[in-house]
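> structure for this input, please:
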Amino acid sequence: MKKVIALLVAMSTTAVYAGVDYASAYIFRGATVHDSAAIQPSMDTSVLGLDIGAWASYNTGTDAFEEVDFFVGYDVTEIAGIAISVGLCEYIYTAGEADTEASVYLDYSIAGVDLSAALNKTMDGAMGDYTIFGASYGFDISADIAGSLSYEVGSLDDGTSDEEAYSAVTIAADVGTIGPVDVGVSYTTINDGDIAGYVTEDDVLVVSISGDLF
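Next up is the predicted model:
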């Protein structure tokens, strides 16, 4: 992983952006990966018009990194105000499994509301295909603190059924800049969809610290 990050930094044509999240539990698309707290560092940059990055998750319950992801994205075009982009992500798990996922993203803004759709197709692995729709609205909590309220709903096609898996409401605040870094906090409440037993954690709290490496 260190060699990959070093290569990305050397090839980058813009600033390298890095951050770390502290999450009260690791929730992925409404499902609980583990209910102990997670520390999740990330970085991304731009190389020849491609957005390239890496992400990892450290399980404080087992004192180990249990997942490392590498991703690449590309902004394709904009049609009638709809931004279209594509992405490819490799999910690598320390247990030995891996998933490869290709995605198409659609984004559109109207009346101050950001609308999004993500079509995620598993190319290799057992993760299943996800379709996720979202909406987000930003507002000022105070003169120095920006907030947002967002909603998303995700459906899972696991090869045997295609049903709504979860829905989630998130309220977030960008606390502001402390020294060279930005600090944010978010709280998400997660609701059951049509898949019995899919949602096992009702909420998750995330504290984020991020900024440009250079």
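> surely S36 and G61 touch.
Yes: between S36 and G61 a contact is recorded at 3.0 Å, counting by C-beta atoms under 8 Å. The C-beta positions use only the backbone N, C-alpha and C, and glycine is treated the same way.
> three-state assignment of the residue of the chain positioned farthest from its centre?
Ranked by distance from the centre of the chain (C-alpha atoms, centre = their mean), the top residue is A143, with 27.4 Å. Of the three states, A143 takes coil under DSSP: H, G, I helix; E, B strand; the rest coil.
> low-scoring stretches of this structure, by residue?
1-14, 213-214 (pLDDT under 70).
> please enumerate the strands of it.
17-23, 26-28, 31-34, 38-47, 50-59, 64-79, 82-93, 98-110, 113-124, 129-140, 146-157, 162-178, 181-192, 203-212 (DSSP state E).
> which residues are in contact with the last one?
Right, the one you point to is strand 203-212. Here strand 203-212 makes contact (C-beta atoms under 8 Å, 6 or more residues apart in numbering) with 15-25, 27, 180-190.
> just the buried members of these?
Neighbour-count burial (16 or more other C-beta atoms under 10 Å) applied to those gives 16-21, 23-25, 27, 182-184, 186, 188, 190.
> phi, psi of E201?
Main-chain dihedrals, E201, degrees, to the nearest 10: phi -120, psi 130.
> that one contacts I27, doesn't it?
Yes: using C-beta under 8 Å, E201 is in contact with I27, at 5.9 Å.
> pull up the overlap in contacts between the two.
Contact criterion C-beta under 8 Å, 6+ apart; residues shared by E201 and I27: I190.
> what's the first-to-last distance across stretch 22-37?
Chord length of stretch 22-37, first to last residue, is 7 Å (C-alpha to C-alpha, to the nearest Å).
> now that stretch, how far from the chain's geometric center?
Centroid separation for stretch 22-37 versus its chain: 12 Å, with C-alpha atoms, centre = their mean, to the nearest Å.
> and the contacts of that stretch?
Contacts with stretch 22-37, where a contact means C-beta under 8 Å, 6+ apart, come from 38-40, 57, 59-62, 66-67, 130, 132, 154, 156, 165-168, 188, 190, 193, 198-201, 203-208.
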